[in-house]
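>>> got a predicted model here, sequence first, then my questions.
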Amino acid sequence: MPYLTFRRLAAVLAVALAAACSASPNPTLYTIATVPGSQHNGGPHVVELQQIGLARYLERSQIVRSSENYKLDEMENDWWGEPLGARLSRTLISDLGQRLPQSVVINETGASSATPDATISVNIQRMDADAAGTLVLEAQASVAFKGRGEPALRSFRFTVPPSAPGIQAEVVAMSAAVGQLADGLAAMVTSAPGRR
């Protein structure tokens, strides 16, 4: 009798576990979008964006809502549709291509290859909301020109208040902040000392 009771209990638990797993909703997937900006004339012919350095806490499927108060607030069922570093690279290439109409912007890891006249390196150090709910993007960037001396270096900090509560508005704010980063990078490419 105890053996039968144990088997019944195990069967009930297995059914309950299967029901719990099937009731778990699929995650909602998000992506960073391209945002138009001002065009800059006189850019180098070929600009290469190197692989983006991303703070390790952002390298996860779940969207990190905030890193305030010594803890990560990640969204359990709101995920990036692809690895964030890859998505940021494609978005920045698109943003920079629109802002630098006289340049061809390529990805260091892409199938297209050419000898770059300028190389952009970007490290994203923060991209999440502060305690007030404002999106904060902090980054460092360098632009190196072929045949020239030391690269131009710059730190960036952008804040974008979401237009509404919720994760979708925060992702829209992230897209706007990445667009502002592209504005800054385009300015570096076209005005940094030592540019051809």
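Sure, I can see it.

>>> would you list every one of the helices in this structure?
Assignment of helices within the chain using DSSP state H yields the ranges 2-23, 84-99, 167-191.

>>> least confident of the ones you listed, on average?
Lowest mean pLDDT within these: helix 2-23, at a mean of 51.

>>> measure Gly42 to Gln102 for me?
Going from Gly42 to Gln102 by C-beta to C-beta, to the nearest Å gives 7 Å. Using the backbone N, CA and C atoms, a C-beta is placed for each residue, glycine as well.

>>> let me fix that, I meant to ask about Arg154.
Between Arg154 and Gln102 the computed distance is 22 Å (C-beta to C-beta).

>>> apart from its neighbours in sequence, what residue is nearest Val104?
Setting aside the residues directly before and after it, Val104 is nearest to Val46 in space (C-beta to C-beta, 6 or more residues apart in numbering), at 5.3 Å.

>>> correction: the previous question concerned Ala177.
Leu137 (3.8 Å).

>>> Gln180 is in contact with the one you found, correct?
Yes: the criterion here is C-beta atoms under 8 Å, and Leu137 meets it with Gln180 at 7.5 Å.

>>> list residues touching both of those two?
Residues touching both Leu137 and Gln180 (C-beta atoms under 8 Å, 6 or more residues apart in numbering) are 156, 158, 160.

>>> among those residues, name the ones in strands.
Counting by DSSP state E, the part of the shared contacts of Leu137 and Gln180 found in strands is 156, 158, 160.

>>> got these as a markdown table, with neighbour count, distance to Thr34 and pLDDT columns?
Listed next are these as a markdown table, based on neighbours: other C-beta atoms under 10 Å; distance: C-beta to C-beta, whole Å; pLDDT from 0 to 100:
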| residue | neighbour count | distance to Thr34 | pLDDT |
| --- | --- | --- | --- |
| Phe156 | 19 | 18 | 98 |
| Phe158 | 19 | 16 | 98 |
| Val160 | 20 | 15 | 97 |
